[in-house]
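**Q** Sharing a sequence plus its predicted fold:
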Amino acid sequence: MADITLNRLAKVYPGGVRALSDLDLTVRDGEFFALLGPSGCGKSTLLRTLAGLEEATGGSVHIAGQDVTALPPGDRDIAMVFQDYALFPHMTVHENIAYPLKIKKVGKGERAAKARETAEELGLGHLGERRPGQLSGGQQQRAALARAMACHPRVFLFDEPLSNLDARMRLEARTFLKKLQRELGVTTVFVTHDQAEALAMADRVAVMESGALRQVGTPTEVFRRPASTFVASFIGSTPMNLLDGELVAGGGAVRVSGRELPVPDGARAHLKEGDEVVYGVRPEYLRWSERAVDAALSGTVSVVENLGSAHLVTLECDGGLGVQVVVPEEHEPAVGARGWAVPREDRALLYRDGELVGATPAEVPA
Amino acid sequence: MAATTSSAETATRTGEQSPDGHGGEPERDAAGLGRRRAAAFVAPALVLIALFLVLPAVWTLYLGATDYRLTGIPAIDPAFVGLDNVTKALGDDDFLHSLWLTLLFVLGSAVIGQAGLGFALAWWMRERTGWLKTTLEALVMLAWILPSSVVAFLWIAFLDRDGGTLNTLLHTPGAAWLLDHPMLSIIVYNIWRGSAFSMMLYSAALGNVPASHLETARLAGASGWQQLRDVVFPRIRGHVLTNLLLISLWTFNDFTPFLITAGGPNGATETLPVHIYKTALGSGELGYGAALSFLMLLINLVVAVVYLRLLGQKNKARRSGKRKTAARGSGGPTDQDAAPAAPHAEAPAAKEETA
């Protein structure tokens, strides 16, 4: 069907700004794929280059094996949903949905039927004669989706599909979009700056920074084993603890803030004594203890933030190092109390020069 | 305050709308001045308007009903002639001819020329930056802001028969543009002169067309013309009408062609303002000239009313759309289907409180 292959895709704006630098990427057929990154990382440029709204300055884009690099947007058989939905205010919902069909010269009766059917599918059946201005945000989004669906494109592109919705609607829409994408089975690429959104919806995520791919993988892979300290700090609703450390004699432990922590299994073979490393562990993967434990970070509690079902505790270690720990609700510590944080050994990671130590080739993009 | 708002919302939602559409709230002026003080504030402006606009218009109306002349007996003792001047004008070939020329001038130079060229320039400049755009913009603006007398001289020099710039450029020495193509000359002149306004107005209007709308059309495969028709024009319709209204009236009343051709040759460019000027001041028939002026005013009014009607239809459609949205949006954040249920949902809570 329709897989997307990027081959050394580059985009340099006149004036020398390099928005995309030689990207290689394959989005599989039927996949729900997220482009994630901070603003200005090139994710929107990449999406727009896929759409043909921006011209690539190097490399190629293939959709279903066909080279579309030089094709105008209208000939690529793709549909895009914009952040502001881009519904035409002077047309009714039905007319909006039928618009691409009208351009493709589908007969009047047929496209009206198609528009009604698609609107019905997305629960807009009773709103067909309304104008976009008379719809709620969620309804507008569904109308925009219906317009994208109506002409059965090979690929969907969504630009920040949820960012114009309020927080509650966003969760609903997230579930709705994921279900819809699964049912339609159309290859879909979406752009977001919200890591939670990317993890929740996508089958695979590409994390971008400065026009380059930093990691491509399933949400689980990207969350558990970030390939670099950039990805580690970007992914996760509470950022990963990244602590400077040094390998002690024998290479079996890392000294962090005066405490010795065991070296994770996968990394041991790649390190030698005296190496300066960054010890990474997520707050969720630190076990809280009120009694002294070996191979744990220790300090005094400086801040306790309530997360609802748990607490985010900031532990001030000896030497001033701050470590965040997620503590279950029944163990809420008092500020100023002494505490120990025990890392889960199979979830701790080591970074050297910003890169994951012992990463498999699949984890590091070419 | 909150109570009034919510009751107004409920009224709208349940359809008990009062005829004035304000949900029964008393009408109040925005500044809270009261009628008398508000009147005092606008009085000076009204006096000026009355003195310099209404009075001359009424005076013209009066003069138009007399045989007032610059010279002779009627100059001292004008006689009242009623509608004679108007009936004379309607049967006067010179007047009808100049009306026809004015129509050509307005259609050719304003409605088609300035609006068309202005839109083309605005569309072309939409996504462009750089020296070419800046230069072009500056040149177009310059044509607009130069004083008429200067511009008229420049065009006489440009179109001059012997050694005019155009003849030099085209290698057509001796071509008498103002004699052979007088109407075309002043139409082209006026397009050049006035396109800046349309360009600026359309530039601002096009800035309001979201890029995503054009891109959606492009992704659907719409051609440039289809994008204009389906996305751009429906969105800037109000701007187009406003622009056409303004430039039509300005061009209709424009006197500058007189400075270039003096209405000639042989009346070939004698548009209405020129015709009236020649009649009233050239031939001294002030009464007849005033009657012609009044007819011109009437035509202006008709043109304005037609445009305003068209504009009004658009605004009405938009307002009614907005009101419906407001009524629906007040129900809940997402689904207006839930809105009618809301009052019922509140009832149990109130009961609990009393218990």
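**A** Arrived safely. Residues are numbered from 1 along each chain as shown, chains lettered A, B, ... in the order given.
**Q** contacts, neighbours, all on C-alpha from now
**A** Fine.
**Q** Next one, pLDDT for the closest residue to chain B within the stretch 101-250 of chain A please.
**A** Evaluated by Cα to the nearest Cα, the stretch 101-250 of chain A has A:Q134 as its residue closest to chain B, separated by 4.5 Å. Here the pLDDT value assigned to A:Q134 is 89.
**Q** now A:M1
**A** Here the pLDDT value assigned to A:M1 is 62.
**Q** tell me the SS of the residue lying closest to A:D244 once chain neighbours are set aside?
**A** Among residues not flanking A:D244 along the chain, A:V278 sits closest, at 4.6 Å (Cα to Cα, 6 or more residues apart in numbering or on different chains). Put simply, A:V278 is strand when judged by DSSP: H, G, I helix; E, B strand; the rest coil.
**Q** For the residue of the stretch 51-200 of chain A found nearest chain B, give me its contacts.
**A** Residue of the stretch 51-200 of chain A nearest chain B, by Cα to the nearest Cα: A:G74 (3.6 Å). Applying Cα atoms under 8 Å, 6 or more residues apart in numbering or on different chains to A:G74 gives the contacts B:R218, B:L219, B:A220, B:G221, B:A222.
**Q** Kindly export stretch B:106-117 (C-alpha atoms) in PDB.
**A** This file holds the C-alpha atoms of stretch B:106-117, laid out as PDB (Å, rounded to 0.1, in the frame of the first residue of the first chain):
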ATOM      1  CA  VAL B 106     -15.200  54.700 -14.100                       C
ATOM      2  CA  LEU B 107     -15.600  51.200 -15.500                       C
ATOM      3  CA  GLY B 108     -12.400  51.200 -17.500                       C
ATOM      4  CA  SER B 109     -10.000  53.000 -15.100                       C
ATOM      5  CA  ALA B 110     -11.500  52.200 -11.700                       C
ATOM      6  CA  VAL B 111     -13.600  49.000 -11.600                       C
ATOM      7  CA  ILE B 112     -11.500  47.100 -14.200                       C
ATOM      8  CA  GLY B 113      -8.200  48.900 -14.200                       C
ATOM      9  CA  GLN B 114      -7.400  50.000 -10.700                       C
ATOM     10  CA  ALA B 115      -9.200  47.200  -8.900                       C
ATOM     11  CA  GLY B 116      -7.700  44.600 -11.300                       C
ATOM     12  CA  LEU B 117      -4.200  45.900 -11.300                       C
END
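**Q** hmm, who's touching that stretch?
**A** For stretch B:106-117, the external contacting residues (Cα under 8 Å, 6+ apart) are B:187-188, B:190-192, B:194-196, B:198-199, B:243-244, B:247-248, B:251-252.
**Q** what about burial for those, which qualify?
**A** Among these, those classed as buried by 16 or more other Cα atoms under 10 Å in any protein chain shown are B:187, B:190-192, B:194-196, B:198-199, B:243-244, B:247-248, B:251-252.
**Q** So which of the contacts of stretch B:106-117 are in helices?
**A** Using DSSP state H, the members of the contacts of stretch B:106-117 that fall within helices are B:187-188, B:190-192, B:194-196, B:198-199, B:243-244, B:247-248, B:251-252.
**Q** The residue of the stretch 101-250 of chain A closest to chain B: how many residues sit nearby?
**A** For A:Q134, the neighbour count with other Cα atoms under 10 Å in any protein chain shown is 22.
**Q** re earlier: closest one to A:G319 out of the buried ones among the contacts of stretch B:106-117, please.
**A** Distance to A:G319 across these (Cα to Cα) is lowest for B:M199, with 66.4 Å.
**Q** Skipping adjacent residues, who's closest to that closest one in space?
**A** B:G118 (3.9 Å).
**Q** contacting residues for the one you found?
**A** Contacts of B:G118 (Cα under 8 Å, 6+ apart): B:S195, B:A196, B:F197, B:S198, B:M199, B:M200, B:Y202.
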